[in-house]
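Novice: Would you be able to build a 3D model of this:
(2 chains)
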Amino acid sequence: MNFHTQYFDLGRLDRLSYRRTAVHSLDPRAKVIATGLFLVTVVSFPKYDVAGLVPFLLFPVLAATLGEIPIGFILRKVLIVSPFAVFVGIFSPFLDTRTVAVIAGLPVSAGWLSFASILLKFALTVSAALLLVATTSFPGVCHALRRLGCPPIFVSQLLFLYRYLFVLAEEAMRIVRAWDMRAFAGRGRGATVFARLVGVLLIRTLDRAERIYQAMLCRGFAGDIPRLGTLRLRSVDLVFVAITAVFLGACRFFPVTEGIGLLAQGIWR
Amino acid sequence: MHMADALLSPAVGATLWAGTAAVGGYASKKLKVQINDRTIPLMGVLGAFIFAAQMINFTIPGTGSSGHLGGGMILAILLGPHAAFLTMASVLTVQALFFADGGLLALGCNIWNLGVYPCCLVYPLLYRPLAGEGRSPGRILIASVLSVVIALQLGAFSVVLETLLSGRSELPFGAFVLLMQPIHLAIGIVEGFVTAGIIGYVAAARPEILESVAAARPVGAGVPLAKALTVFALLAVLTGGAFSWFASTQPDGLEWAIERVTGRGELSEAERGVAAVLRGLQEKTAFLPDYGFKAAAAEPAPAAPAAAWPGIEAGTSAAGVTGAAIVLVLVGLIGLGIRSAGRRPGSTP
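Specialist: The predicted model follows:
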């Protein structure tokens, strides 16, 4: 992925988070808690379970459609970060070759099941995290974390980092553009030049930090970033968390997929 | 080498989260006493700097593949261990949320692997004694290459351990270690040279910056070299011990992990943020030998492992496939339905 796409992708996720939909207007804390529950439930499935995981797709699909987030965009991001999970999972089919089922005449080994389970879990967890940001906005998540007991200094740190991420990415983009123009045929792309470039960026960053600090002092900074307005939990938020919890619990402890399958087979006959 | 949610079991994820939260709480408490307001924006902007620097790729000499900066060690050199740890944690949080690198549950593991090791362990124990006052370029070079390499080796080894304990992957311990450690040795050497290059460049171009940064940050008591070496010898022995233990009991470790997961299914379903973490910790301690499997005895958990795997028979697996297909179609239809319903009256593009 090249530099510019990476940068604009970042901005796009940020822009998506300022839409006004039912999902966006839920309390950030409710969404953080629901996402947490979702992740723990998905990850708690044993390694050979594939069918049980399928109903969980409803959660990201609902979040994306109700929140008007383009699914293709989320899927592309999921795909980009998948190599490590695929790398670790791809060995399973070759190492765990016990046949556990015969589907349409083809023997299926336990390894393929666990590989599929890893992939499904990966898609579910990664898209849940992305959708949390896309529907809550990063500052929203930060303030929710703070209200949920995260140390204030860490939350300030996150907010600063996020604010200056865009500024410094532009700074870096300028440097890279200049570098591209001067590095003919890939020459001068080695680690030494890189260290110099990053050194320059670091010096600019440190100077900027000093200026920011002075500017913030002028505006009454005393070591903390307060939020304008307070968060208020409405009954909608509580209902949302409760429904999520019930849905997750039902899908975790009851074989929903098998049930639907058996029902369908029964109707078919 | 970010750890991914999909490879984690809840017990391992929760334990690492608990560990990371403990270190984070300690670091922020320390910082609150030690720093002035100036450090807070500095930390934030340096975190953003790590990101910007990671967006720039460079060619690794001799291979043609591209690498980028990890950043834990350079933050520690500039900010000191506590502030660097919090900065690194924030960088990884943003990575997990925005780039979906790793995941939220695996964030605990990632902060531990890439934050705790370089900032809280290797920097104070190895870099500081080796680099000394930080005036000689040779010492900086040796110190940063060694520190980055060791921090990355510890991190890579932890990824292996975490994956193994979670029991989600079939990859055997030996093969996984042999894959991970050499790759990260190469990455570590390159990153060490780059780190030294950056620090060296800043020291040459604007020496006052490093001095003022060093003056602004809390005075970390330098650890004498002999003491540091003792700690590392101890660590080596511990790692070796853990290594051989896993090598010999690895299948049990796997079974243990599966049992953990299924045993957990029997417990109540109230899993709210902090409570889940605390319970993970509690379960962990319940499995220490002293407690004598108290939790397992109280719950009907021992029966669970039997049900975990062989539950699949021809009939149920066919039902599973049919059900999965139907659920998939249903979910898709729900999504499409909402989308088109939203589009018809909605004129908001």
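Novice: Now do the same contact list for the residue of the stretch 1-150 of chain B found nearest chain A.
Specialist: Residue nearest to chain A within the stretch 1-150 of chain B (CB to the nearest CB): B:Gly44, separated by 2.2 Å. C-beta coordinates here come from the backbone N, C-alpha and C atoms, glycine included. Contact partners of B:Gly44, counting by CB atoms under 8 Å, 6 or more residues apart in numbering or on different chains, are A:Ser156, A:Gln157, A:Leu159, A:Phe160, A:Leu161, A:Arg163, A:Tyr164, B:Thr87, B:Ser90.
Novice: Just put those residues in a markdown table and tack on pLDDT, neighbour count and distance to A:Phe59.
Specialist: Output for these, formatted as a markdown table (pLDDT from 0 to 100; neighbours: other CB atoms under 10 Å in any protein chain shown; distance: CB to CB, whole Å):
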| residue | pLDDT | neighbour count | distance to A:Phe59 |
| --- | --- | --- | --- |
| A:Ser156 | 86 | 23 | 31 |
| A:Gln157 | 87 | 28 | 30 |
| A:Leu159 | 88 | 19 | 28 |
| A:Phe160 | 87 | 25 | 31 |
| A:Leu161 | 88 | 26 | 28 |
| A:Arg163 | 85 | 17 | 30 |
| A:Tyr164 | 87 | 24 | 33 |
| B:Thr87 | 91 | 31 | 32 |
| B:Ser90 | 90 | 27 | 27 |
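Novice: Show me these that map onto helices.
Specialist: Counting by DSSP state H, the part of these found in helices is A:Ser156, A:Gln157, A:Leu159, A:Phe160, A:Leu161, A:Arg163, A:Tyr164, B:Thr87, B:Ser90.
Novice: Is it correct that the last one is in contact with A:Arg163?
Specialist: In this case it means B:Ser90. No. Taking CB atoms under 8 Å as the definition, B:Ser90 is not a contact partner of A:Arg163, at 11.8 Å.
Novice: What segments of the chain are strands?
Specialist: Using chain A. Secondary structure of chain A (DSSP state E): strands located at A:99-103, A:106-109.
Novice: My question was about chain B, not that one.
Specialist: Going by DSSP E, chain B shows strands at B:58-59, B:66-67.
Novice: Who's the closest spatial neighbour of A:Trp179, skipping the chain neighbours?
Specialist: Using CB to CB, 6 or more residues apart in numbering or on different chains and skipping residues adjacent in sequence, the residue nearest A:Trp179 is A:Leu197, 6.3 Å away.
Novice: and that neighbour, how many neighbours?
Specialist: Other residues near A:Leu197 come to 20 when the count uses other CB atoms under 10 Å in any protein chain shown.
Novice: Give me the pLDDT value at it.
Specialist: Note on A:Leu197: pLDDT of 86.
Novice: which stretches of the chain have low pLDDT?
Specialist: Using chain A. Residue ranges of chain A with pLDDT under 70: A:1-8, A:102-105, A:185-186, A:223, A:226-229.
Novice: oops, I was thinking of chain B
Specialist: B:1, B:35, B:57-68, B:134, B:209, B:212-318, B:342-349.
Novice: wait, which of the ones in helices among the contacts of B:Gly44 is closest to A:Val50?
Specialist: B:Ser90 (35.5 Å; CB to CB).
Novice: what's near enough to touch that closest one?
Specialist: Counted by CB under 8 Å, 6+ apart, B:Ser90 has contacts A:Phe154, A:Gln157, A:Leu158, A:Leu161, B:Met43, B:Gly44, B:Gly47.
Novice: Looking at the stretch 101-250 of chain A, which residue is nearest chain B?
Specialist: For the stretch 101-250 of chain A, CB to the nearest CB, closest residue to chain B: A:Phe160, 2.2 Å.
Novice: Contacts only, for the closest residue to B:Gly192 other than its chain neighbours.
Specialist: Distance criterion CB to CB, 6+ apart; nearest residue to B:Gly192, sequence neighbours excluded, is B:Val145 at 3.3 Å. For B:Val145, the contacting residues are B:Gly188, B:Ile189, B:Gly192, B:Phe193, B:Ala196, by CB under 8 Å, 6+ apart.
Novice: do that again at 10 Å, thanks
Specialist: By CB atoms under 10 Å, 6 or more residues apart in numbering or on different chains, B:Val145 lies in contact with B:Met73, B:Leu130, B:Gly188, B:Ile189, B:Val190, B:Glu191, B:Gly192, B:Phe193, B:Val194, B:Thr195, B:Ala196.
Novice: Verify the stated contact: B:Pro172 with A:Phe94.
Specialist: No. Taking CB atoms under 10 Å as the definition, B:Pro172 is not a contact partner of A:Phe94, at 11.3 Å.
Novice: what about the nearest residue to A:Met216 once chain neighbours are set aside, distance to A:Val155?
Specialist: Among residues not flanking A:Met216 along the chain, B:Pro41 sits closest, at 6.3 Å (CB to CB, 6+ apart). In this view, B:Pro41 and A:Val155 are 14 Å apart by CB to CB, to the nearest Å.
Novice: quick one on the thing from earlier: tell me the one among the contacts of B:Gly44 nearest to B:Gly25.
Specialist: The nearest one, if we look at those relative to B:Gly25 and count by CB to CB, is A:Gln157, at 13.9 Å.
Novice: My guess is the closest one contacts B:Met43. True?
Specialist: Yes. Contact status for A:Gln157 versus B:Met43: in contact at 5.5 Å, counting by CB under 10 Å.
Novice: I'd like the strands of chain A as a markdown table, with mean neighbour count and distance to chain B appended.
Specialist: Below are those laid out as a markdown table (neighbours: other CB atoms under 10 Å in any protein chain shown; distance: least, CB to the nearest CB, whole Å):
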| stretch | mean neighbour count | distance to chain B |
| --- | --- | --- |
| strand A:99-103 | 15 | 4 |
| strand A:106-109 | 14 | 8 |
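Novice: how about those in CSV, adding distance to B:Val33?
Specialist: Formatted as CSV, the strands of chain A follow (distance: least, CB to CB, whole Å):
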stretch, distance to B:Val33
strand A:99-103, 57
strand A:106-109, 57
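Novice: Just the helices from chain A, written as ranges.
Specialist: A:3-16, A:28-43, A:58-66, A:71-80, A:83-89, A:92-95, A:110-136, A:138-147, A:152-182, A:191-218, A:235-253, A:256-268.
Novice: Pull the contacting residues for B:Val159.
Specialist: So B:Val159 contacts A:84, A:88, B:1-4, B:7, B:106, B:109-110, B:113-114, B:176, B:180, B:184 (CB under 10 Å, 6+ apart).
Novice: How about A:Leu95?
Specialist: A:Ser109, A:Ala110, A:Gly111, A:Ser114, B:Ser169, B:Glu170, B:Leu171, B:Pro172, B:Ala175.
Novice: any idea which of these is the one closest to A:Asp14?
Specialist: Of those, the one sitting nearest to A:Asp14 (CB to CB) turns out to be B:Ser169, at 34.0 Å.
Novice: residue in the stretch 151-300 of chain B nearest to chain A?
Specialist: Closest point on the stretch 151-300 of chain B to chain A, by CB to the nearest CB, is B:Gly197, at 2.8 Å.
Novice: and the residue nearest to that residue when sequence neighbours are not counted, how many neighbours?
Specialist: Leaving aside its sequence neighbours, B:Gly197 sits nearest to A:Ala195 (CB to CB, 6+ apart; 2.8 Å). Per other CB under 10 Å, the neighbour tally for A:Ala195 reads 21.
Novice: surely A:Ala195 meets B:Ala205?
Specialist: No. Taking contacts as CB under 10 Å, A:Ala195 lies outside contact range of B:Ala205: 11.9 Å.
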